[in-house]
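>>> structure, please.
(2 chains)
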Protein chains: 2
Amino acid sequence: MSFKERAAIVGIGETDYVRGSDRSATEMMLEAARAAIADAGLTPSEIDGLIPPPVYTTAEELAANLGLEDLRYSITVHMGGASPTASLQSAALALTHGIARNVLILIGWNGYSALRPRAGVNRRRELAGISSMTTAVRDFYLPYGAISPAQFYAWIAMRHMKLYGTKPEDMGAVAIACRKHAQLNPRAVMRGKTLSMEQYLQARWITEPFRLYDCCLETDGACAVVVTSSERARNLPHRPVLIMGVAEGHPYPADDIAGRPDMFKTGLSYAAPKAFAMAGIQPQDVDFLQIYDCFTYVVLLQLEALGLCQPGEAGAFVRDGQIEIGGQYPLNTHGGLLSQGHAWGLNHVVEATRQLRGDAGAAQIADAELGLVTGWGDFGDGSIVILRR
Amino acid sequence: MSFKERAAIVGIGETDYVRGSDRSATEMMLEAARAAIADAGLTPSEIDGLIPPPVYTTAEELAANLGLEDLRYSITVHMGGASPTASLQSAALALTHGIARNVLILIGWNGYSALRPRAGVNRRRELAGISSMTTAVRDFYLPYGAISPAQFYAWIAMRHMKLYGTKPEDMGAVAIACRKHAQLNPRAVMRGKTLSMEQYLQARWITEPFRLYDCCLETDGACAVVVTSSERARNLPHRPVLIMGVAEGHPYPADDIAGRPDMFKTGLSYAAPKAFAMAGIQPQDVDFLQIYDCFTYVVLLQLEALGLCQPGEAGAFVRDGQIEIGGQYPLNTHGGLLSQGHAWGLNHVVEATRQLRGDAGAAQIADAELGLVTGWGDFGDGSIVILRR
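The predicted structure is shown next:
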């Protein structure tokens, strides 16, 4: 019994991505949610499924503020940046069985304003949750002085460089592609700020081998998508974007990068074959890639996990403009977390939907029919969705 | 496309319920999980779906410690005490579609040791999560000095008494039935401590109209169940317990008791008709009831929401031993949260499974074929599962 193409994305919404907001995460999520519901041609009372982030707000708070009178289904995915894409799996399951009729997935946070004190910005007290970033950092990494994701992922990136000869310029190619695409996107924080390879290489170290432009933006903002059954989707305003294949995966051991027999075998290595089998397509068939880009190197690793290139060959894969618009595998056509803004990758789902509707403006990929979105979270949890217009 | 009876509970496990533990919630959950997996006749590596509680631990931490090498599915339900039963819905959906082959649902906490300082008990620092109990209490109730669930639910109970003439003795009948049943259960914290109506009525106030014995126990402990597809269940050691009907519901507004047009219309009022329709049975058909019993009055409210009696008539329903073993609707045959122990109601699912296997010992209901379990969480989120042997 397959749920392939039984559900479709029919509404998208997002706030501006900004550095410094005077609004709470919940307020921003409500704005994005109302925009997504309106975009779907629905009213809030027609939403009866909610997948909120595991932090900052609750389904109950959102339901009360949106006016959802019959919330029939709510779950949460705790996979960090892999959560939005994995949430599409649960939404599709619930819709296939009529557990809910219209499911709203959302994420919002003050990723800039709340996480650390900054001059001129009131530090916001956001309610925290728990993830493997909480428990594993406490148990395994803090004792060694490693306290931020840039440090944890630097270990894997360094190993990849030593083993396969991956170059700084390869990571730079990802940063530059995202930055180029951001120039085409009025919603991108980095619009108007170009980036050359020289600038990339001259930027300061964050933690070796990551330079400044290897690291994603920290922004405040929110994103939302509405998913419904494929049948109902036909009667709604926009061309439905069908969920053709979807899967999640967790590496082993899931909570300890350093304990893995193969550091490069992450959640996406497990998830991708399942999603492609469900969709019945090959990785090479997709018209664009929206790849979770918390760090440039994490993009390289995922290109290998997807099977778009062999292990160790991602560096060669991203050269010569292949991942830029006009190349064979345009990647993060909105600018990504690196140059648009950081909404845990739900903005990648929003961009994929725009592309498949033909609404991506200057970044539009001609005749885009099949798109792929990945999520990456915590210590390599992975998720993938294959979307078809 | 129905998922009725496509999934079955095949393994159960629990720790002792104790007042004062030197173990973390995660350690206790691992014990319960290993017991449930063994009971199912499976090995840990066969578990590929995890629904942990939204607090205290993560799927990644549990997977790593259990040795789950291919975790394919993990979500979390944020409905407080309604979570365990609602989790069965997501497990059944994932199993129906092969997203996972064997799903482990678990909960464990130091509900006694961690929540408040006590003489002679080291206060444990457990990692906290977020629920509507966090946000709504902060927003709506703390300003009025109401800080604990006993206070919030006292408002509804008091209104019910005024409106319908519900008597203290009616709430007492629930406490006494649970206590009687605990005498039959070697795992019950209150085994050996009987309770008479006179003792019940003479107990001190906690918050009017709740006396001491209207309030559930605070215990440390953990519980786990393994769910698999009905096909695979046939080849496992125990008689499968089929998920015949399941649903969740959220009242409106979900986060504010005082703002509801009808205080007595809670999540279960929405969920119960859906679960009975899915199962194709009437409420009166079940052989026993395991009803979430954080407070005695909450049981009365749910009996009405289930349609076992008319609004306002739950008091009459529980009189004359009808909810005791030997009566028509034996309730909380393990002693419940009131007299066995508090594992967020997952212990109710464990007990229902024992009853339907015929393994409930001195508390066994003869020829039990159909059982019902409810969950109640936060401010009236509700869930229900109907199980068939």
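
>>> point to the helix or strand of chain A where mean pLDDT is at its lowest.
helix A:132-136 (a mean of 77; mean pLDDT, DSSP states H and E).

>>> can I get it in CSV, CA atoms only?
Output of helix A:132-136 as CSV, limited to C-alpha atoms (Å, rounded to 0.1, in the frame of the first residue of the first chain):
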residue,chain,number,x,y,z
SER,A,132,20.5,15.0,20.4
MET,A,133,22.2,18.4,20.0
THR,A,134,21.4,18.8,23.7
THR,A,135,22.1,15.3,25.0
ALA,A,136,25.0,14.3,22.8
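
>>> helix or strand right after that helix?
helix A:149-164 (DSSP states H and E).

>>> CA atoms of that following helix as PDB?
What follows is helix A:149-164, C-alpha atoms only, in PDB (Å, rounded to 0.1, in the frame of the first residue of the first chain):
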ATOM      1  CA  PRO A 149      27.900  22.600  15.100                       C
ATOM      2  CA  ALA A 150      30.800  24.200  13.100                       C
ATOM      3  CA  GLN A 151      33.200  22.400  15.300                       C
ATOM      4  CA  PHE A 152      31.400  19.000  15.100                       C
ATOM      5  CA  TYR A 153      31.100  19.100  11.300                       C
ATOM      6  CA  ALA A 154      34.700  20.300  10.900                       C
ATOM      7  CA  TRP A 155      35.900  16.900  12.100                       C
ATOM      8  CA  ILE A 156      34.100  15.200   9.200                       C
ATOM      9  CA  ALA A 157      35.100  17.800   6.700                       C
ATOM     10  CA  MET A 158      38.700  17.600   7.600                       C
ATOM     11  CA  ARG A 159      38.600  13.800   7.300                       C
ATOM     12  CA  HIS A 160      37.100  14.100   3.900                       C
ATOM     13  CA  MET A 161      39.800  16.500   2.700                       C
ATOM     14  CA  LYS A 162      42.600  14.300   4.000                       C
ATOM     15  CA  LEU A 163      41.100  11.100   2.500                       C
ATOM     16  CA  TYR A 164      39.900  12.300  -0.800                       C
END
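
>>> please point out which parts of that helix sit buried.
A:149, A:150, A:151, A:152, A:153, A:154, A:156, A:157, A:158, A:160, A:161, A:164 (16 or more other C-beta atoms under 10 Å in any protein chain shown). No exception for glycine: its C-beta is placed from N, CA and C like everyone else's.

>>> got phi/psi on the residue nearest to the last one when sequence neighbours are not counted?
Excluding its sequence neighbours, the residue lying closest to residue A:164 (C-beta to C-beta, 6 or more residues apart in numbering or on different chains) is residue A:312, at 3.4 Å. When quoted as degrees, to the nearest 10, the phi and psi of residue A:312 stand at phi 90, psi -10.

>>> repeat for the one 10 residues further on
Here is the backbone geometry of residue A:322 (degrees, to the nearest 10): phi -60, psi -30.

>>> what about the strands in chain A?
Remark: strands assigned in chain A by DSSP state E are A:7-14, A:49-51, A:73-74, A:102-110, A:205-207, A:210-211, A:220-229, A:241-249, A:288-290, A:370-377, A:381-388.

>>> residue A:89 against residue A:248, yeah?
Yes. Using C-beta atoms under 8 Å, residue A:89 is in contact with residue A:248, at 6.3 Å.

>>> the more surrounded of those two?
Each of residue A:89 and residue A:248 has its neighbours counted (other C-beta atoms under 10 Å in any protein chain shown); residue A:248 has more, 34 against 29.

>>> for the residue nearest to residue A:164, give its distance to chain B.
Distance check for residue A:312 against chain B: by C-beta to the nearest C-beta, to the nearest Å, it reads 24 Å.

>>> ok, that residue - how many residues close by?
For residue A:312, using other C-beta under 10 Å, the count is 15.

>>> quick one: residues contacting the residue nearest to residue A:234 when sequence neighbours are not counted.
Leaving out its chain neighbours, the residue that sits closest to residue A:234 by C-beta to C-beta, 6+ apart is residue A:240, at 6.8 Å. Each residue near residue A:240 by C-beta atoms under 8 Å, 6 or more residues apart in numbering or on different chains is listed here: A:8, A:9, A:10, A:230, A:233, A:234, A:389.

>>> what does the stretch 151-300 of chain A have sitting close to chain B?
Counting by C-beta under 8 Å from any C-beta of the partner chain, the stretch 151-300 of chain A comes close to chain B at A:247, A:248, A:249, A:250, A:252, A:253, A:254, A:255, A:256, A:259, A:270, A:274.

>>> okay, now the fourth one: neighbour count?
In this case it means residue A:250. 34.

>>> still on that earlier bit, show me which pair in the buried residues of helix A:149-164 is furthest apart.
The distance between the two most remote of the buried residues of helix A:149-164 (C-beta to C-beta) is 22.0 Å, for A:149 and A:164.

>>> count of residues packed around residue A:262?
The burial count for residue A:262: 10, using other C-beta under 10 Å.

>>> same question but for residue A:280, I mixed them up
Residue A:280, neighbours per other C-beta under 10 Å, totals 12.

>>> then residue A:310?
So residue A:310, with other C-beta under 10 Å, has 11 neighbours.

>>> just to check, residue A:180 is in contact with residue A:323?
No. If you go by C-beta under 8 Å, residue A:180 and residue A:323 don't touch, sitting 10.0 Å apart.
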